[in-house]
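Participant: With the sequence up front, the predicted model follows.
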Amino acid sequence: PTPTVALPVGLGTPYPPGGPVLTTGNAEGLVELARFGKGSLNQAIWAPDGAEIAVASSLGIYFYDAETLQQVRFIETGYWINCIAYAPNGKTLVSGGRNGQVDLWDAQSGQLLRSMQELHSSAVMSVAYSPTNPLLASVDWSGELRFWQVSDGRLLNQVSEANDGRQIVFSPDGTSLIVFARNSNFVKVYDVADGHYKGVIIYLTSYVNSVALSPDKRTIGIAGHDFSLVPAGWIQQENMKFETRLNNRLPEADRSNVLLAYAPDGTRLAAISASGGLYFFDTTSYTINGQIKAPAGNYLNLEFSPDS
């Protein structure tokens, strides 16, 4: 038999008619006829031009029109996708899989352009495009950090001692990579050129749940129970060690699992907590100038649209 329904299918699609009972003797002949649901959704990101939203899932990568929120494309990857990142020009998309694979896709056609030449030894947790150079970075569950050449998928550098890394963020000038693990209390910084360790920012009064860099390259926001602000110049230094504490800018009821995001023009900073408090801060004084009550939950990521 062949599938009779486009995959995946939505709510209201009838189940296929009944057939023979499944046994060990006929299991090899099992063919998927329909798939219900979208799988586990793991990350959502805006395309650089703001026209679409890409979503990483256990089934593949979905693309949605940003205005209508209707699905426009789907890449069936054949493996669980943990994380995705757009190239600065929006033409390609990199994905990191639970199987340790890092792949590069054409964002419009969904064609696989190339796979990075070596698998990670564990699930890839975060991927990032350099904003200034043709290279990628990825980090896996074990904390192994890798830098890749975009043009041919070649491994450029590997850092095995980043053993508490789960998320990665390039500095705006592309020279440094910030690595952190949610629920740890420190942020490590590595040099992109050769992968050497540059230093650490220690969050004395909370775990780290999110890191955001201001568009003007001056400030790093670090969030956990609340958030604090660190001068971005620290990450350019060698052998640096910077200690920071909570600034208690959020109301006490909303100090849990905070995520941060800067607006593209740098005039606002958004912070959302697990209790659903979404706050907007003016970045000249970092005082609250707007608030929305969102549903409670442990949010995975927070982003402004590119045209915000």
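Facilitator: Yep, it's here.
Participant: CA atoms for contacts and neighbours, from now on please.
Facilitator: Fine.
Participant: now I178, nearest residue through space, not along the chain?
Facilitator: Nearest residue to I178, sequence neighbours excluded (C-alpha to C-alpha, 6 or more residues apart in numbering): V189, at 4.7 Å.
Participant: which residues touch the host helix or strand of the one you found?
Facilitator: For V189, the element it lies in under DSSP states H and E is strand 186-191. Here strand 186-191 makes contact (C-alpha atoms under 8 Å, 6 or more residues apart in numbering) with 162, 175-181, 196-203, 207-208, 235.
Participant: any idea how far W234 is from the residue nearest to the spatial centre of the chain?
Facilitator: Geometric centre of the chain, nearest residue: C83, 5.2 Å, by C-alpha atoms, centre = their mean. C83 is 28 Å from W234, where distance means C-alpha to C-alpha, to the nearest Å.
Participant: that older thread, strand partners of the strand holding V189, parallel vs antiparallel please.
Facilitator: When pairing is defined by DSSP bridges, strand 186-191 lines up against strand 176-180 (antiparallel), strand 197-203 (antiparallel).
Participant: Listing partners with orientation, what would you give for the next helix or strand after the longest one?
Facilitator: By that I understand strand 197-203. On the C-terminal side of strand 197-203, the nearest following helix or strand under DSSP H and E is strand 210-213. Partner strands for strand 210-213, per DSSP bridges, with pairing direction: strand 219-223 (antiparallel).
Participant: Give the rounded mean pLDDT of the partner strand.
Facilitator: Throughout strand 219-223, pLDDT has a mean value of 88.
Participant: Going forward, count from 43.
Facilitator: With the count now opening at 43, the last piece we talked about shows up as strand 261-265.
Participant: what sits up against the next helix or strand after it?
Facilitator: Later in the chain than strand 261-265, the nearest helix or strand by DSSP H and E is strand 269-273. If you take C-alpha under 8 Å, 6+ apart as the criterion, strand 269-273 is touched by R260, T261, I262, G263, I264, T286, R287, L288, N289, N290, R291, V300.
Participant: can those go into JSON lines with extra columns for distance to E109?
Facilitator: Formatted as JSON lines, the contacts of strand 269-273 follow (distance: C-alpha to C-alpha, whole Å):
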{"residue": "R260", "distance to E109": "32"}
{"residue": "T261", "distance to E109": "31"}
{"residue": "I262", "distance to E109": "31"}
{"residue": "G263", "distance to E109": "29"}
{"residue": "I264", "distance to E109": "31"}
{"residue": "T286", "distance to E109": "40"}
{"residue": "R287", "distance to E109": "39"}
{"residue": "L288", "distance to E109": "37"}
{"residue": "N289", "distance to E109": "36"}
{"residue": "N290", "distance to E109": "35"}
{"residue": "R291", "distance to E109": "33"}
{"residue": "V300", "distance to E109": "27"}
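Participant: contacting residues around the closest residue to K133 other than its chain neighbours?
Facilitator: The shortest distance from K133 to any non-neighbouring residue, by C-alpha to C-alpha, 6+ apart, is to A149 (5.5 Å). Counting by C-alpha under 8 Å, 6+ apart, A149 touches G132, K133, T134, L135.
Participant: on that earlier part again, could you flag which of the contacts of strand 228-233 are buried?
Facilitator: Among the contacts of strand 228-233, those that count as buried by neighbour count (16 or more other C-alpha atoms under 10 Å) are 204, 217-223, 239-245, 249-250, 277.
Participant: what helix or strand is the residue nearest to the centre of the chain on?
Facilitator: strand 123-128.
Participant: helices and strands around the helix or strand that that strand is followed by, which ones?
Facilitator: Per DSSP H and E, the first helix or strand lying C-terminal to strand 123-128 is strand 134-139. Helices and strands touching strand 134-139, by 3 or more C-alpha pairs under 8 Å, 6 or more residues apart in numbering; DSSP states H and E, are strand 123-128, strand 144-148, strand 166-171.
Participant: quick one: buried residues of the helix or strand that the second one is followed by?
Facilitator: Next along the chain after strand 144-148, taking DSSP H and E as the criterion, comes strand 154-157. The neighbour-count criterion (16+ other C-alpha under 10 Å) identifies L154, R156, S157 as the buried residues of strand 154-157.
Participant: And the strands in the stretch 43-192 of the chain?
Facilitator: 83-88, 94-99, 102-107, 113-118, 123-128, 134-139, 144-148, 154-157, 166-171, 177-182, 187-191 (DSSP state E, counting those that start in this stretch).
Participant: What distance do you get for the residue nearest to T174 when sequence neighbours are not counted to P257?
Facilitator: Counting by C-alpha to C-alpha, 6+ apart, the nearest residue to T174 once its immediate chain neighbours are dropped is G216, at 5.5 Å. Note on G216: its distance to P257, by C-alpha to C-alpha, is 13 Å.
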